[in-house]
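Trainee: Here is a sequence with its predicted model. Questions after.
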Amino acid sequence: MTKKTVSKDTPLAEITLRRYEKPSTEISKRDAIKKLCLSIGLLQPGDSRDIIVDIFHVLINSKDTLDSEEIQKRVIEYRKANNLALHGIAQSNIRRQLRRLRELFLVEKIKNTYRISENENLHNIFEEKIKKFYIPTIINRVEEYFKILDR
């Protein structure tokens, strides 16, 4: 029996947005990063594989650009210090998660190193790159499909 492919369409861009409760002022930085990752679809609810949270945490706390090996080293140190399981720390997975952060414009790659985009404030990155640019382009395309169907 052959498996039939329903669709080969690949999205040009995508973002998942989820609304959670208002953040508490006592929330830890890691928990805030985790909730942000959940809110923008970088992490799925109930997902135990949360290495992206620690990669993002390392980059947020770094003043320098870091290569993927240094990010891996710092993530391992951080997870050990916080008694977190060392799952998802393979170099290939670190690079895959970095690519996901880059796709949302949160992180940029310069040569073979990574940093928060333009060393900018995260809220500014959200406002300028995601809210004003990325989301409207997706919404506009969805509207085009709705208009096509209304004809």
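Mentor: Sure thing, it's come through.

Trainee: so how far is the top helix by length along the chain from its chain's centroid?
Mentor: The longest helix of the chain (DSSP state H) is helix 135-150. Centroid displacement of helix 135-150 relative to its chain, using CA atoms, centre = their mean, to the nearest Å, is 24 Å.

Trainee: Not counting that helix itself, show me its contacts.
Mentor: 12-15 (CB atoms under 8 Å, 6 or more residues apart in numbering). (Glycine included, C-beta is placed from N, CA and C.)

Trainee: what do you get if the cut-off is 6 Å, keeping everything else the same?
Mentor: Ala13 (CB atoms under 6 Å, 6 or more residues apart in numbering).

Trainee: List the buried residues for that helix?
Mentor: Buried residues in helix 135-150, counting neighbours by 16 or more other CB atoms under 10 Å, are absent.

Trainee: Convert that helix to PDB, retaining C-alpha atoms only.
Mentor: C-alpha atoms of helix 135-150 as PDB (Å, rounded to 0.1, in the frame of the first residue of the first chain):
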ATOM      1  CA  ILE A 135       2.700  39.200  11.400                       C
ATOM      2  CA  PRO A 136       1.200  41.700   8.900                       C
ATOM      3  CA  THR A 137       2.700  39.900   5.900                       C
ATOM      4  CA  ILE A 138       1.100  36.600   7.100                       C
ATOM      5  CA  ILE A 139      -2.200  38.300   7.800                       C
ATOM      6  CA  ASN A 140      -2.300  39.900   4.400                       C
ATOM      7  CA  ARG A 141      -1.700  36.600   2.700                       C
ATOM      8  CA  VAL A 142      -4.400  34.900   4.700                       C
ATOM      9  CA  GLU A 143      -6.800  37.800   3.700                       C
ATOM     10  CA  GLU A 144      -5.900  37.200   0.100                       C
ATOM     11  CA  TYR A 145      -7.100  33.600   0.400                       C
ATOM     12  CA  PHE A 146     -10.300  34.700   2.100                       C
ATOM     13  CA  LYS A 147     -10.900  37.200  -0.700                       C
ATOM     14  CA  ILE A 148     -10.300  34.500  -3.400                       C
ATOM     15  CA  LEU A 149     -12.900  32.300  -1.700                       C
ATOM     16  CA  ASP A 150     -15.500  35.200  -1.500                       C
END
